[in-house]
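A.B. asks: Sequence first, then the predicted structure:
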Amino acid sequence: MRKIQMVDLKSQYARIKDVVDESIQEVLETTAFVNGPKVHEFQKNLEQYLNVKHVIPCANGTDALQIAMMGLGLKPGDEVITTDFTFAATVEVIALLQLTPVLVDVEPDTFNIDIEAIKKAITPKTKAIVPVHLFGQCANMEAIMEIAKENNLFVIEDSAQAIGANYTYSDGTKVKAGTIGDVAATSFFPSKNLGCYGDGGAIFTNNDELAHAIRGIVNHGMYERYHHDVVGVNSRLDAIQAAVLGAKLPNLDAYNKARIEAANKYDVAFKDEKHIVIPFRSGAQDNHVFHQYTLRVTGVDRDALAKYLNENDIPCGVYYPIPLHNQKAYLDERYNEADFKVTNQLVKEVISLPMHTELDDDQIEYITTKVKAFINE
């Protein structure tokens, strides 16, 4: 059996080595390292794949979130509602722009932002909602968009973990994650479903005016060289990273399919285990593309399980061990522990198992056998 990796980028690279190497070599030979042809080519191809009017590449996913908020013209003191159970980048950029983060609880099944909690958190100062498609599963965007419309709020999708996922509306219409809200941000960090070999990110929108604003912001506020029309930042996608992404994009659906198939096998192995709650899937299978395969373990010492797995050469992760409302940087007297019952429970129970495109049956059998051995000892 091959050594088990949390994310096996080496084996994935081996499958596409010739295409990736050729694409990178083109950049080296043209020396167009910043905003070169490979960046524009990838941008256009991703627009076609997502069926979105505008993709604006940038340096990383955190920048993508920040720039999206800057493009919307949010002002210091404006309240932005987002989830308590996610990576800190989501709330980090809100605070960085001197906006007011409003953290709310999540659903116990999908782990995505709770719709009723959003409604309760809205005040006259609320200007935006940031749903996170956590672990690769789309949030309830139909309900979120209705709330936003009723309250005249922006919706900024954090799609860093769900590129390629399909959201299905109640009428059966399917659209890609990240193309529903006013604007979306994604990350191309190497471990993502579509990852480069360094940092990278992008912003998506169907709004022409917003896209124009964002294109200036990512490039020092310039639309014409040395003419700085808006306050901007320096956040551009490296051409070599664009070359890698361009080589991998045609494989994205196959990558996501492989993740879903691996998740199905995990599900079958764990379905009768009373101390294990397998990932819930809302709607069609392609609504969840399994950036992570995250279990809940009940009546079991989760941290002891993680230690046992590591001792047996099975990497695992706890995403996320501390709720954002309890992080030192984001403490706020407005928060009441009673409002975060689900998140406070999840941080004690969740554990993520290896999940990537190269998982094979022998590895999955070994992983699941060891998990069950610990659970049932």
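C.D. replies: Received, thanks. Residues are numbered from 1 along each chain as shown.
A.B. asks: Give the rounded mean pLDDT of the longest helix anywhere in the chain.
C.D. replies: Longest helix in the chain, counting residues (DSSP state H): helix 9-30. Mean pLDDT, helix 9-30: 97.
A.B. asks: what do you get for stretch 310-320?
C.D. replies: Here stretch 310-320 scores 97 as its mean pLDDT.
A.B. asks: Name the surrounding residues that touch that stretch.
C.D. replies: The contact list for stretch 310-320, computed with Cβ atoms under 8 Å, 6 or more residues apart in numbering, reads 3-6, 85-87, 135, 292, 294, 302-303, 306, 309, 347, 350-354, 366-367, 370. To be clear about C-beta, it is placed using only N, CA and C from the backbone, and glycine gets the same treatment.
A.B. asks: For PyMOL, write a command that selects the buried ones of these.
C.D. replies: Of the contacts of stretch 310-320, the buried ones go into a single PyMOL selection, burial set by 16 or more other Cβ atoms under 10 Å:
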select buried, resi 4+85+86+87+135+292+294+302+306+309+347+350+351+352+353+354+366+367+370
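A.B. asks: Show only the entries of the contacts of stretch 310-320 found in helices.
C.D. replies: Counting by DSSP H, the contacts of stretch 310-320 contribute 302, 303, 306, 309, 347, 366, 367, 370 to helices.
A.B. asks: Just give me the closest of the residues you listed to residue 53.
C.D. replies: Nearest to residue 53 among these: residue 347, at 38.4 Å, using Cβ to Cβ.
A.B. asks: contacting residues for the closest one?
C.D. replies: Listed by Cβ under 8 Å, 6+ apart, the contact set of residue 347 reads 85, 320, 321, 322, 323.
A.B. asks: cool, residue 323 as well?
C.D. replies: 84, 85, 103, 340, 343, 344, 347.
A.B. asks: let's go with 6 Å and repeat that
C.D. replies: Listed by Cβ atoms under 6 Å, 6 or more residues apart in numbering, the contact set of residue 323 reads 84, 343, 347.
A.B. asks: what does residue 206 give?
C.D. replies: When the contact criterion is Cβ under 6 Å, 6+ apart, the partners of residue 206 are 52, 53.
A.B. asks: do you know how far it is from residue 52?
C.D. replies: Using Cβ to Cβ, to the nearest Å, one gets 6 Å for the distance from residue 206 to residue 52.
A.B. asks: Likewise for residue 182?
C.D. replies: 12 Å.
A.B. asks: got it, and residue 345?
C.D. replies: Between residue 345 and residue 52 the computed distance is 36 Å (Cβ to Cβ).
A.B. asks: neighbour-wise, which of those two wins?
C.D. replies: Counted by other Cβ atoms under 10 Å, residue 345 and residue 52 do not tie: residue 52 has more neighbours, with 19 against 13.
A.B. asks: thinking again about what came up before, give the next helix or strand downstream of the longest helix of the chain.
C.D. replies: helix 37-50 (DSSP states H and E).
A.B. asks: Next, the buried residues of that next one.
C.D. replies: So helix 37-50, judged by 16+ other Cβ under 10 Å, has buried residues 38, 39, 41, 42, 43, 46, 49, 50.
A.B. asks: Return the closest of the ones in helices among the contacts of stretch 310-320 with respect to residue 60.
C.D. replies: Taking the ones in helices among the contacts of stretch 310-320 together and measuring to residue 60 by Cβ to Cβ, the closest member is residue 347, at 25.5 Å.
A.B. asks: For that closest one, give its distance to residue 106.
C.D. replies: Residue 347 is 11 Å from residue 106, by Cβ to Cβ.
A.B. asks: What of residue 61?
C.D. replies: For residue 61 relative to residue 106 (Cβ to Cβ), the value is 20 Å.
A.B. asks: Mind checking which of the two has more residues around it?
C.D. replies: For residue 61 versus residue 106, neighbours defined as other Cβ under 10 Å are more numerous around residue 61 (27 against 23).
A.B. asks: Give me the number of neighbouring residues for the residue nearest to residue 144 when sequence neighbours are not counted.
C.D. replies: Of all residues not flanking residue 144 in the chain, residue 131 sits nearest, at 5.4 Å (Cβ to Cβ, 6 or more residues apart in numbering). Neighbour count of residue 131, defined by other Cβ under 10 Å: 30.
A.B. asks: Number the chain from 15, please
C.D. replies: Right, with 15 as the first residue, what we last looked at is residue 145.
A.B. asks: Show the pLDDT at residue 145.
C.D. replies: 98.
A.B. asks: Quick one: the helices in the stretch 115-264 of the chain, in order.
C.D. replies: In the stretch 115-264 of the chain, helices defined by DSSP state H, counting those that start in this stretch lie at 129-135, 155-165, 222-231, 253-262, listed in chain order.
A.B. asks: Check the ones you listed for me and report the most buried one.
C.D. replies: helix 253-262 (a mean of 25; mean count of other Cβ atoms under 10 Å).
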